[in-house]
Structure formats: structure tokens, C-alpha cells
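Q: Here is my input, please return the structure:
(one chain, ligands or ions: 1)
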Amino acid sequence: MTALQLDGRHIVLGLSGGIACYKAAELTRLLIKAGASVQVVMTEAAEKFIGAVTMQALSNRAVVTSQWDARPDNNMAHINLTREADAVVVAPASADFLAKLAQGRADELLSLLCLARRIDECPLLIAPAMNREMWAHPATQRNVAQVAADGAVVLGPAAGDQACGEIGDGRMLEAAELCDALIAFFQPKLLAGRTVLVSAGPTYEAIDPVRGITNLSSGKMGFAVARAAAEAGAVVTLVAGPVALPTPARVTRIDVTSARQMHDAVLAAAAAHDVFVATAAVADWRPIDAAAQKIKKVAGQGVPAFSLVENPDILAAVAALSTGPYCVGFAAESHDVEAHARAKLERKKVPLIVGNLGPATFGQDDNALLLVDAKGTRALPHADKLTLARQLVAEIAARIKS
Ligand code: CTP
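A: Numbers count the residues shown, from 1 in each chain. The predicted structure is shown next:
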């Protein structure tokens, strides 16, 4: 069970006019599910696209639509709304709304409260959504640059099919992407200015074109580490074995199949990174020569024989670089985790090994980690992998700081 990642956060969710308003309904649901409380504010144009009733039902709060709403005792909705908020998120942010923000206009409630918020205490995140020509127009580009220069965080837009039938930049990010972006926004930026390289997943060593040797690693822990490092402000490269997981936001992914491909990709990137976290379950051996054609069963000829050769040790190779990154290894064990992890610490000559029980965690969403270094051992108790990854990132950040 993933911890409630926005627990205790109060978000003002502003909707300006655009067909992407339908995604704001799902976004509200996800924010609430993540533990946030959500106050929806809608412009008149937004109400043409989605009903306030829907947004009220999903947010469990009356939607506010007008600066002339006389219900607040002080009659100052535009002040009250942001004083209690941890952030204002405008999704969708239309071209017109961006123009208003850029100019500091305040002729309706949403732009008014954006202007009236305390800039240092109540951050503004905006998710543009519009036709690609509107997005590409120099006026919009000028406005969005100005809004960013004024301190707003611009999320997206994405490229793809548009409601108008055209294809291009201007789609609002999906609700789940926006929710994740907000969660990331609130994470402490412990690795700001740092570069992190992560290896993840299994490798696959071909026997013939249809068969191979692999293992049960799902890649989930490595992808969680990559996500946590990106959330912490690092520039992240993820070298992934064959897994079907989605790439975390703002992470550059390099897909590989075999251990040798992973070795080449990691070694090519290693010197340009401050930290290398080797979560991959690299196949220790590979068939000497993969057969070019599928090996067929032939009656009476028994089973095929093939010889194995050892794969390069990627972690040890990176650790041996003279100006290499700070290296963190993982040790997936079936028993005696601490003893095996400590042996790997010395054998691979890395400053930190993270031990875990392989069979208990492969494919699961949860794990428990044992951090083993020269100073001692520290247990990170059982939790979901993202929570553990964030704790590990904090441990790494503290170690590379000193
Ligand atoms: N590793 C690696 N390259 C390999 C083998 C392992 O980079 N060819 C890395 C893994 O990513 C992990 C650490 O080394 O960070 C330990 O991996 P593990 O498979 O637990 O250890 P091995 O060295 O393979 O030892 P054993 O299989 O005997 O436990």
C-alpha cells in the first residue's frame, strides 16, 4: 500500500476554459485519493466544459466561481482561498488564461487569486492546454515564458492527438501525470544539481532467437529509485533491462536487453554522473554463442548442450573508474542478507550496498532494505518501493554531501 503522498496538503485547483476540463475531474479524484483536500475554482468558460456539480461531488466542497460570491464573512474569496493553500494548480490553463497571468490581470476570481496569493508561500503550477497553433503562437510562447519567469511551474503540455482533430503540442498532461508532478514538486530537492545513473530490471541472455536466460527481477525497485532521484531534483539516466514499466517523469531511459549491452550503456554514461545505483539483477552467465536459428527438438538426439561464460560485472567496473560516480550496489539474497551484503561491499569495492531478500521482493510493490556500509548497518523497514527509494535517496544525498 503506497503511503498517502499528498496527506495534509490543501490544493486550490483552478479550471479555465478548455476541453481538457474533463481531465480535471479525474485529477481531483487522484488528488483526493492521494490524501489532499481540494478546493475547485472555475472560470465562467470552464463551466461551459464541465459542470460545477461534478467538481463539487468529486472534491466534496462547493466550487467557487466568482469574486462576487458574498458567502465568505469578509467577502474576500480571492484572499481567503490561497492563504490556506499549499499550492494553486491551474489545469487546464488556456491560452487566454496564460495571457492574463502574464499581464497580472485580475478581472475574474481565478486570475485574481493567482495575483493575490503570497508568491513565496503558495506556489503556482500551471498545465497549459490548447490547440497546437495557439500554443505555438509567439504571443502564447511569450506569455508562458513570462509566467515561468514570474515563478510559476509549467507542467507540459504534451504532444499528440487534439480534440480539434489536429496533432501536435498543446495537449494537457494526463491527470495521473499531473498528480505525480505535484507529488514530486513537494519532495525535498536533496539531489538538486546532481546527476544519477540507475541500472534496473533483469537482463536477457539469448540461447537462440526464441529462448533465453533471464531472472524474476521486475525492475520496480530501480524505477522507483530513478523516480525518487528525479523528484529530489537530480538529472536521471535509467538503463533498463527488458521490463514493461512506464518511464518515470523527467528520466532519460536507455533500453537494453543483455548484460553486455547494459555494461556498454552504463560504462558509456558513468563518468558523466555523480551517483550510480546498480539495482539491476544482471545475469551472471550467458551462453557462449547464441544459436542463429531456433534449436529444434530432434527425436532421439536428447537435450541440447550449451556452455556458459561469465558476464562482465558492471558495478565493479564502474567502481574501478578513477573518476567514477559514487556507487551503490544492491544485493538480492535468499538468506543471510547482511553477511552477503557486507561481503559484496568489500568484493565490489563500493561505499554502500543495499541488501534485500530477492525471492520475497521480486515483482512485489513492497520491500525491506538493509543499508550496509563501512560504518555499520541500517534497516529501512518494510514499505512500498517508492517510499524506500525516497529514503535511500536521502541516505545517498547525505553521504555525498559530506
Ligand atoms: N551487478 C552488476 N553486474 C553483474 C552482476 C551484478 O552490476 N554482472 C551488480 C548488481 O546490479 C547489484 C550488485 O552487483 O548491484 C550485486 O548483484 P548480485 O547479483 O546480488 O551479486 P553477484 O555479484 O552476482 O553475486 P551472487 O550472484 O553470487 O550473489
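
Q: Check the gap between Leu110 and the ligand for me.
A: 49 Å (CB to the nearest ligand atom, to the nearest Å). From N, CA and C alone the C-beta is placed, and that goes for glycine too.

Q: Give me the pLDDT value at that residue.
A: In this model, Leu110 is scored at 98, pLDDT.

Q: Helix or strand: which one has it?
A: When elements are assigned from DSSP states H and E, Leu110 belongs to helix 109-116.

Q: and the gap between Phe97 and Pro128?
A: Distance of Phe97 to Pro128, given as CB to CB, to the nearest Å: 9 Å.

Q: Could you do Lys401 as well?
A: Distance of Lys401 to Pro128, computed by CB to CB: 36 Å.

Q: neighbour count winner among these two?
A: Pro128 (31 against 9; other CB atoms under 10 Å).

Q: Cross-check the contact I'm expecting between that one and Ala93.
A: Yes: Pro128 is in contact with Ala93 according to CB atoms under 8 Å; the separation is 5.0 Å.

Q: okay, now Ala272: neighbour count?
A: 11.

Q: For the closest residue to it other than its chain neighbours, give me its contacts.
A: Ranked by CB to CB, 6 or more residues apart in numbering and with sequence neighbours excluded, the top spatial neighbour of Ala272 is Thr195, at 6.6 Å. Thr195 makes contacts with Ala234, Val235, Val236, Thr237, Ala272, His273, Asp274, Val275, as judged by CB atoms under 8 Å, 6 or more residues apart in numbering.

Q: looking at the sheet around Thr195, what are its partners?
A: Note on Thr195: beta-bridge partners by DSSP bridges are Val235.

Q: tell me which element Val88 falls in.
A: Under the assignment here (DSSP H and E), Val88 is part of strand 87-93.

Q: What pairs with that strand, parallel or antiparallel?
A: strand 10-15 (parallel), strand 124-128 (parallel).

Q: Output these as TSV; include the columns mean pLDDT and distance to the ligand.
A: TSV is the format used below for these (pLDDT from 0 to 100; distance: least, CB to the nearest ligand atom, whole Å):
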stretch	mean pLDDT	distance to the ligand
strand 10-15	98	38
strand 124-128	98	36
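
Q: what would the ones you listed look like in a markdown table with distance to Ala24?
A: What follows is the strands paired with strand 87-93, written out as a markdown table (distance: least, CB to CB, whole Å):
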| stretch | distance to Ala24 |
| --- | --- |
| strand 10-15 | 5 |
| strand 124-128 | 9 |
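
Q: Near the ligand, which residues of this protein are found?
A: Residues of the chain lying near the ligand by CB under 6 Å from any ligand atom: 199, 259, 278, 280, 282, 284, 311, 313-315, 329-332, 344.

Q: Which one of those sits in the busiest neighbourhood?
A: Counting by other CB under 10 Å, top hit in these: Ser199 with 32 neighbours.

Q: quick one, phi/psi of that residue?
A: phi -100, psi 140 (degrees, to the nearest 10).

Q: need the contact list for the nearest residue to it once chain neighbours are set aside.
A: Using CB to CB, 6+ apart and skipping the chain neighbours, the partner closest in space to Ser199 is Ala280 (3.8 Å). By CB under 8 Å, 6+ apart, Ala280 lies in contact with Ser199, Ala200, Gly201, Pro202, Thr203, Ser217, Gly222, Val239, Gly241, Met262, Ile314.

Q: and those, which of them are in helices?
A: Gly222, Met262, Ile314 (DSSP state H).

Q: Pick out the lowest-pLDDT one from the contacts of Ala280.
A: The minimum pLDDT among the contacts of Ala280 falls on Ser217, with 90.

Q: who touches stretch 154-163?
A: 19, 91, 125-132, 135, 144, 147-148, 167-174, 177-178, 181.

Q: Kindly recompute the last result at 6 Å.
A: For stretch 154-163, the external contacting residues (CB atoms under 6 Å, 6 or more residues apart in numbering) are Ile19, Leu125, Ile126, Ala127, Pro128, Ala148, Ile167, Asp169, Gly170, Arg171, Leu173, Ala181.

Q: Secondary structure of the last one: a helix, I assume?
A: Which is Ala181. Yes: the assignment for Ala181 (DSSP: H, G, I helix; E, B strand; the rest coil) places it in a helix.

Q: How about the contacts made by it?
A: Applying CB under 6 Å, 6+ apart, the residues near Ala181 are Leu155.
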